[in-house]
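Asker: I'll drop the sequence and a predicted model, then ask my questions.
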Amino acid sequence: MFTDTHTHMDNKSFDEDRHDALMHAYESGVTRIVNVGFNRETIPTTLKLSEDYAFIYAAVGWHPQDAKDMRPEDLDEIEELCKRPKVVAIGEIGLDYYWDTSPKEVQHRVFREQIRLARRIGKPIIIHNRDAHQDVLAILKEEKAAEVGGIMHCFSGSWETAKACLDMNFHISFGGPVTFKNAVQPKEVLARVPMDRLLIETDAPYLTPHPHRGKRNETGYVKLVAEAAAEIKGIPLEELAHHTTENAKKLLQLS
């Protein structure tokens, strides 16, 4: 049994074959999926997926790229939605200095507001971090994010950054890049992450793993991530699947 802790199967690229792709994933052993809604458009479609499929859960939050569009009532809505039993986390939230579509000071404010909400209601958070390692770590520490913990989504940083996240009660999640031949650092970090803090994901339709790189990613490909992670860890695939699923179940309170 595999658990994909981060996917976007509500993406428009799945409009023609979404159900088939989800059924293929389920039949391949992907028995739990966390679909992530990250703005005004994708939160409703994420919620609908979680309502339509028993094995799909939802995370809702405001992505840093869209931070400039978040209004106070959007934060209130996230708080209300978190009362639903299948909404298991606030995310994805964080900082993105690569695209820089929202001013940094706005990203920081929206990030902090959502961490404070998570602490107030006791929900774990899913972190998006692109080219902003030091600022992400600083804000997580200043806002006492360790109280709720969460997931460092599609981790791409150094072991030193990973260790700082682990020390703040976060799990480290890896996706398609660990299957790439030239992805040395993610593999080195994955090898050192304790088994009880390791998670896997696809981030579909993005970051497609080898050998499908360059094509649309889908949640069923999480098995390829698991196979690469098991090889890096030097353990059987079944053991890797068991540990990562149990970690997700415990952190996100999945049934």
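Answerer: Thanks, I have the structure now. Treat the numbers as computed from the prediction; the structure is a model and nothing was measured.
Asker: Give the residue spans of this structure that score low on pLDDT.
Answerer: Counting by pLDDT under 70, the chain contains no low-confidence range.
Asker: Which SSE is immediately downstream of the longest helix along it?
Answerer: Longest helix in the chain, counting residues (DSSP state H): helix 104-121. Once helix 104-121 ends, the next helix or strand along the chain (criterion: DSSP states H and E) is strand 125-130.
Asker: what distance separates the helix or strand just after that next one from the middle of the whole chain?
Answerer: For strand 125-130, the following helix or strand on the C-terminal side (DSSP H and E) is helix 133-142. Centre-to-centre, helix 133-142 and its host chain are 18 Å apart (C-alpha atoms, centre = their mean, to the nearest Å).
Asker: Give me the residues contacting helix 133-142.
Answerer: For helix 133-142, contacts defined as C-beta atoms under 8 Å, 6 or more residues apart in numbering pick out 94-95, 97, 104, 108, 111-112, 115, 127, 129, 145-146, 157-158, 161, 164-165, 168, 170. Heads up, the C-betas are built off the backbone N, CA and C, glycines and all.
Asker: Select only the buried ones of these in ChimeraX?
Answerer: To isolate the buried subset of these in ChimeraX, counting by 16 or more other C-beta atoms under 10 Å, use the following:
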select :94,95,108,111,112,115,127,129,145,157,161,164,165,168,170
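Asker: now what about the longest helix of the chain, what contacts it?
Answerer: 61-62, 64, 67-68, 70, 75, 78-79, 82, 90, 93-97, 102, 123-125, 135, 139-140, 142-145, 147-148, 150.
Asker: Can you list the buried residues in it?
Answerer: So for helix 104-121, counting by 16+ other C-beta under 10 Å, buried means 107-108, 110-115, 117-119.
Asker: List just the nearest of those to Gly37.
Answerer: Gln114 (13.1 Å; C-beta to C-beta).
Asker: What segments of the stretch 1-150 of the chain are helices?
Answerer: Using DSSP state H, counting those that start in this stretch, the helices of the stretch 1-150 of the chain run over 18-27, 42-52, 72-81, 104-121, 133-142.
Asker: Any chance of these in CSV with distance to Leu190 as columns?
Answerer: What follows is the helices of the stretch 1-150 of the chain, written out as CSV (distance: least, C-beta to C-beta, whole Å):
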stretch, distance to Leu190
helix 18-27, 22
helix 42-52, 27
helix 72-81, 31
helix 104-121, 25
helix 133-142, 17
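Asker: so which of those helices comes closest to Glu239?
Answerer: If we rank the helices of the stretch 1-150 of the chain by C-beta to C-beta, the stretch that ends up nearest is helix 18-27, at 20.9 Å.
Asker: got the buried residues for the closest one?
Answerer: Of the residues in helix 18-27, 18, 21-22, 25-26 count as buried by neighbour count, 16+ other C-beta under 10 Å.
Asker: With distance to Leu207 as extra columns, can I get those residues in a markdown table?
Answerer: Putting these into a markdown table (distance: C-beta to C-beta, whole Å) gives the following:
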| residue | distance to Leu207 |
| --- | --- |
| Arg18 | 19 |
| Ala21 | 16 |
| Leu22 | 19 |
| Ala25 | 16 |
| Tyr26 | 21 |
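Asker: show me the contacts for the nearest residue to Asp66 once chain neighbours are set aside.
Answerer: Of all residues not flanking Asp66 in the chain, Asn39 sits nearest, at 4.2 Å (C-beta to C-beta, 6 or more residues apart in numbering). By C-beta under 8 Å, 6+ apart, Asn39 lies in contact with 62-63, 66, 69.
Asker: Looking at neighbours, which among those is most surrounded?
Answerer: Trp62 (29 neighbours; other C-beta atoms under 10 Å).
Asker: how much space between it and Thr42?
Answerer: 10 Å (C-beta to C-beta, to the nearest Å).
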